[in-house]
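J.: Sequence first, then the predicted structure, then my questions.
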Amino acid sequence: MATDSNLSRRRVMKLAAAAGATSLTGCLGGGGGGSDGDSGEGGPSGTLGEWSLDINSPNPVTERISGNEWIPPEYDESEVASGFERMNLGGMENDPATAWFQDYYNEKTGITPKAVTVPSADAVSKMRTLLSSRSESPALMQISQEFFMDFVEQGWLEPVDDLWTEEAYGQFPPYFQDQLMTGIDQSLDGEHTYMSVGLSEAHGLNYNPTVLEELGFDPDFYDDATWADVREVCEEATSQSGNLHGWVWYGSGNRYPVYPFLRQAWSRGGTFVQDDGTVVVNNDAAVTTLEWQSQMLADGLLPDVMQYGEGGPADLFLGGGLAGFGGGLGLMALAHEEWGEDTDQYNVSLLPKGESQEEHVSYMNTDFLTINRFAPPEKKRAAMVYMDGGRSAIASANEYDQEGNYPANTQAWEHELLSDAKYKETAQRIGETAKVELWPKQIETYDALVTKLQGAWLGQKSAQAALDEAQSQVDNILEQN
């Protein structure tokens, strides 16, 4: 599709989506907005219209959401429900920080959120079923960022522009404003914001100083590492013919194997979403990355990555047999449980740099809080106030303190709760250097890509051939070119 070079990438993606769209559940119209017919605002179907929420009262937003306590915004209590249902991915016993904030929110507002739990594996299909049928409940949902664009494109999510001023965006990693303000919603004109923060996972280099020393390296050798450094450690581990390994990644499954590939391609300056909105997975940095990975396996420098699924590298690492790997910082809690708080077997640094790159590139995966557009307006308003608090410094600080989840609000690092947080400086740098790229039908493209990556890792085809085949499938999935 011919594009105007002056169009933003987000606008181009909206136009591309419009060209391929044949039907939308959340279509334009003055009526039919679920339960919003009584809003009386005359706005697009399913939106709240004007109501009296003042994001900068009783204090400016940056003060309200970034202090040691969260101060709710001022709003017309007569227009806000006394309670609402909130979908939680998994049981609440696994989310102590979320449970804490739910009670904190109730204490601050008097509004009662009720958790509706659903197994993580079933969450997306459950939400698709509910939203496509315009179910009014739950009002608030937690959506992984890879599905975010799909749900926005369908017109299923409520815009929450009022929450996000430039000053508010400034409290979060740069990719929040760059990637999450989007015009892809076919039911509305212009660019909008649809989310707040549920929880974030930041990826760094988890490493074992003791294993590095056993292999003859300085214990901090993986600080400021390059991919050449990683290979050197792997070569030494292989030459010693012991039970130690220098590196590994998760190669099994249909989703997680894509993350090591994406991160390493980004470290070489790669970009998957182009200026015209198309997605290119066989770019030069991607091919170089897959060649590096495949050669490491062909040279026998790694354990069989195909035997490691989502949790596999962590198990190998906690067993003391692995010098390092890229993954979530949540591993720190397990490492300290295994080895004690003052262990010399765990440290964290930024992910390795690519060839000729001056800066490290990290990655964040965020579960967003989003509002069901078809919920009753008074419950959507209560959910929006919840979303305001969910992105607060105190909520972010508790996520890191209680669960090891990354504090998306950068001011959380100044919160008293994290005054003595472990690995604080490195964790801050990870957020500052995080790169994220989002596009519609992202999981479908991941599924196609992972199959081709695995074929290259198994030596069945070259990196270039594997990614060319993946590109052909991506083009079909996204109806591009």
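T.: Sure, I can see it.
J.: Name the residue closest to the centre of this structure, please.
T.: Nearest to the geometric centre of the chain sits residue 365, at 2.0 Å (C-alpha atoms, centre = their mean).
J.: Check the secondary structure at that residue for me.
T.: strand (DSSP: H, G, I helix; E, B strand; the rest coil).
J.: Spit out the contact partners of it.
T.: By C-beta atoms under 8 Å, 6 or more residues apart in numbering, the contact set of residue 365 is 144-145, 200-201, 203, 259, 436. Quick note: C-beta positions are derived from backbone N, CA and C, even for glycine.
J.: Top of these by number of neighbours, please.
T.: When neighbours are counted by other C-beta atoms under 10 Å, residue 200 leads these with 25 neighbours.
J.: Could I get the contacts of residue 365 in CSV, plus columns for secondary structure?
T.: Below are these laid out as CSV (three-state DSSP):
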residue, secondary structure
144, strand
145, helix
200, strand
201, strand
203, strand
259, helix
436, coil
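J.: Just name the closest of those residues to residue 327, please.
T.: When those are ranked by distance to residue 327 (C-beta to C-beta), residue 203 comes first, at 6.0 Å.
J.: Just grab the bridge partners of that closest one for me.
T.: Judged by DSSP bridges, the bridge partners of residue 203 are residue 328, residue 363.
J.: Wait, it touches residue 361, no?
T.: No: Residue 203 lies out of contact with residue 361 (C-beta atoms under 8 Å); the separation is 10.1 Å.
J.: Mind listing the shared neighbours of these two?
T.: 263, 351.
J.: show me what contacts the spatially closest residue to residue 64 that is not a sequence neighbour?
T.: Spatial nearest neighbour of residue 64, chain neighbours left out: residue 71 (4.4 Å); criterion: C-beta to C-beta, 6 or more residues apart in numbering. Neighbouring residues of residue 71 by C-beta under 8 Å, 6+ apart: 58-59, 63-64.
J.: For residue 99, pull up the helix or strand it's in.
T.: Using DSSP states H and E, residue 99 sits within helix 96-109.
J.: So what's the gap between that helix and the chain middle?
T.: Helix 96-109 sits 22 Å away from the centroid of its parent chain (C-alpha atoms, centre = their mean, to the nearest Å).
J.: Equivalent analysis for stretch 195-215, please.
T.: 15 Å.
J.: Using CSV, list the CA coordinates for it.
T.: Extracted C-alpha coordinates of stretch 195-215, given in CSV (Å, rounded to 0.1, in the frame of the first residue of the first chain):
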residue,chain,number,x,y,z
MET,A,195,-4.4,0.8,29.1
SER,A,196,-2.7,1.2,32.5
VAL,A,197,-0.2,-1.1,34.3
GLY,A,198,-1.1,-4.5,35.7
LEU,A,199,2.4,-5.8,36.1
SER,A,200,5.7,-5.8,34.1
GLU,A,201,8.4,-8.3,33.6
ALA,A,202,11.9,-6.9,32.7
HIS,A,203,14.5,-9.1,31.0
GLY,A,204,18.1,-8.9,32.0
LEU,A,205,21.1,-11.2,32.2
ASN,A,206,20.9,-13.5,35.2
TYR,A,207,24.3,-14.8,36.0
ASN,A,208,26.2,-16.9,38.5
PRO,A,209,29.6,-15.3,39.6
THR,A,210,30.7,-18.6,41.2
VAL,A,211,30.3,-20.6,38.0
LEU,A,212,32.2,-18.0,36.0
GLU,A,213,35.0,-18.3,38.5
GLU,A,214,35.0,-22.0,38.3
LEU,A,215,35.4,-21.6,34.5
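J.: Now it: average pLDDT?
T.: On average, the pLDDT along stretch 195-215 is 94.
J.: Equivalent analysis for stretch 73-83, please.
T.: Averaging pLDDT along stretch 73-83 yields 95.
J.: which residues touch that stretch?
T.: With C-beta under 8 Å, 6+ apart, stretch 73-83 has contacts from 51-58, 61, 64, 110-114, 376-379, 381-382, 385, 388.
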